[in-house]
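Chemist: Generate coordinates for the sequence data below:
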Amino acid sequence: SYGFLKSQSHQHAVSDKRQNHIKAGHQIRCTDNVSAYGEAYKKHILSAEVPDNRMFQSVVGQEKMQCCYKVDRSAGWPVRIDTFRQFDNVVPKENFFESLEKYKDQYSESWITKRVAEAKCLRAYYYHLLWMYYGGVPYITKVLDTSMGDEMFQPSMSQEDMYKEMTTDLSNAAKVLPNEQGGGRFTKGAALTLKAWIDLYWGDIIKDPRPSSIFPADPQKALDAYKACAETCQEIMGLGVYDLMPTREDAFKEENNNCKEQVFAYQCNKTFPKSRRSKIFGPYNEATGATGDYIGAGAPTQALVDMYGMKNGLPIDDPNSGYDPEHPFENREPRFYADIIYDGSVFTGHKFSLHPESAEELGLVPNEVDWFTGYFRRKGINENLSFADFETEGVNFSFFRYADVLLMYAEARIKAAELGGDPIDDTVI
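Modeler: Model prediction:
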């Protein structure tokens, strides 16, 4: 099995005015991922808007590591994550539903059933991003326009009701979607994996609401959510479609796009759309940094580095761990060396250092730019590529991998057991 750290979620406060009065219908846009509905969508359903791909923002938001992104000081925020733009991805789904009803006589019942299920999964995906960042938001199920007057301004749905809506849609979609890898489309396994993720997240929220004033903690609802997550993960494991690759890094190689470990992934290739994943998330250097991209995006923070334990399995703050603050990178657990580029690391034949002493060494804080953390990401970066090769890399962006399913199952079972659920057994260990 592979090491995997999921960052702790945080509630973000939003003013009641902004949360309850979002002009969700101000513009109908088609995103590249929605255009997967094919020629029928293009012929009858697309608006005249220019296609606008927001998917990459979602990829950044879904990276399951505690990360530091490039500072946008002009916006007054320490981290630039424009999550409310996810409404641009939600609204086209409602346009699709309404337009499909108008033209349903031109398509087979099976085609309509599958497309509606896929669209509801995409809607749940984008709403779950808003839900994680802000809690309850307006849950829009119809196309809005200015002719509706004040009715256009929808009230926020409660966080719990959004949880129920999303998981219900995903469960129903899973019943009709095909049981296959999917090649970037929502399938039975992808719908169930997103549901399991939402179940697990809701269990954590309702177990320990933050701030506690938003609603009372409810251990029974948390237990139910953890059980639902574990049961859903077991269902995915029994589908017979997914498995782990021989090594974790195999799942991040272009030649393995849509492999047995990728449950749901944004599709890329060497021409268009190129992912350049290793370039964007990999270490900064002159060959890649000269382009002006966000090189080093998702750089590990010190808080993440400190979460990695020692070789003996103990956390670094345990008196018996053997951790030495003067030599903080010695005798750490194997995942640390597989995931982090730190002071003294060698990557693609280059040594990285906080204080480079020669032209052969590359800096961990190049040009003393303050948004670098002193660490770079190694996990998921193809070390077999040269820095020049990073520009044409076409590896998929994985939203969910089978490794996530196994780890969600273990986490849900452990947390359920802590609340009085079934005790841990060999399926978890």
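Chemist: Residues in contact with stretch 319-328: which ones?
Modeler: Contacts of stretch 319-328 with the rest of the structure, by CB atoms under 8 Å, 6 or more residues apart in numbering, involve 309-310, 312, 314-317, 330-331. Every C-beta, even on glycine, is put in place using the N, C-alpha and C of the backbone.
Chemist: Between the residues you listed, which sits nearest V395?
Modeler: G309 (29.3 Å; CB to CB).
Chemist: That closest one - how many residues pack around it?
Modeler: The tally of other residues near G309 (other CB atoms under 10 Å) stands at 18.
Chemist: before we move on, what about G380?
Modeler: Using other CB under 10 Å, G380 has 21 neighbouring residues.
Chemist: Would you mind confirming that it is in contact with F281?
Modeler: Yes. Taking CB atoms under 8 Å as the definition, G380 is a contact partner of F281 at 6.8 Å.
Chemist: quick one: the helices in the stretch 51-200 of the chain?
Modeler: 55-62, 87-103, 109-134, 159-176, 188-207 (DSSP state H, counting those that start in this stretch).
Chemist: Distance from stretch 110-130 to the middle of the chain?
Modeler: In terms of CA atoms, centre = their mean, to the nearest Å, the centre of stretch 110-130 is found 17 Å from the chain centre.
Chemist: returning to what we had before: looking at the contacts of stretch 319-328, spot the one nearest L364.
Modeler: Using CB to CB, the contacts of stretch 319-328 come closest to L364 at E330, 17.6 Å.
Chemist: Look at the nearest residue to the closest one once chain neighbours are set aside and give its secondary structure.
Modeler: Spatial nearest neighbour of E330, chain neighbours left out: D324 (6.5 Å); criterion: CB to CB, 6 or more residues apart in numbering. Classification of D324 by DSSP: H, G, I helix; E, B strand; the rest coil places it in coil.
Chemist: returning to what we had before: filter the contacts of stretch 319-328 down to the buried ones, PyMOL style.
Modeler: Burial among the contacts of stretch 319-328 is assessed by 16 or more other CB atoms under 10 Å; the matching PyMOL selection reads:
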select buried, resi 309+310+316
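Chemist: Let's have the contacts of stretch 319-328 in a markdown table, adding distance to G182, pLDDT and secondary structure.
Modeler: Shown next, in a markdown table, are these (distance: CB to CB, whole Å; pLDDT from 0 to 100; DSSP: H, G, I helix; E, B strand; the rest coil):
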| residue | distance to G182 | pLDDT | secondary structure |
| --- | --- | --- | --- |
| G309 | 36 | 97 | coil |
| M310 | 40 | 98 | strand |
| N312 | 41 | 96 | coil |
| L314 | 41 | 97 | coil |
| P315 | 38 | 97 | coil |
| I316 | 40 | 97 | coil |
| D317 | 43 | 97 | coil |
| E330 | 43 | 97 | coil |
| N331 | 42 | 97 | coil |
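Chemist: Make JSON lines out of the contacts of stretch 319-328 and add distance to G189.
Modeler: Shown next, in JSON lines, are the contacts of stretch 319-328 (distance: CB to CB, whole Å):
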{"residue": "G309", "distance to G189": "32"}
{"residue": "M310", "distance to G189": "36"}
{"residue": "N312", "distance to G189": "37"}
{"residue": "L314", "distance to G189": "36"}
{"residue": "P315", "distance to G189": "34"}
{"residue": "I316", "distance to G189": "37"}
{"residue": "D317", "distance to G189": "39"}
{"residue": "E330", "distance to G189": "41"}
{"residue": "N331", "distance to G189": "39"}
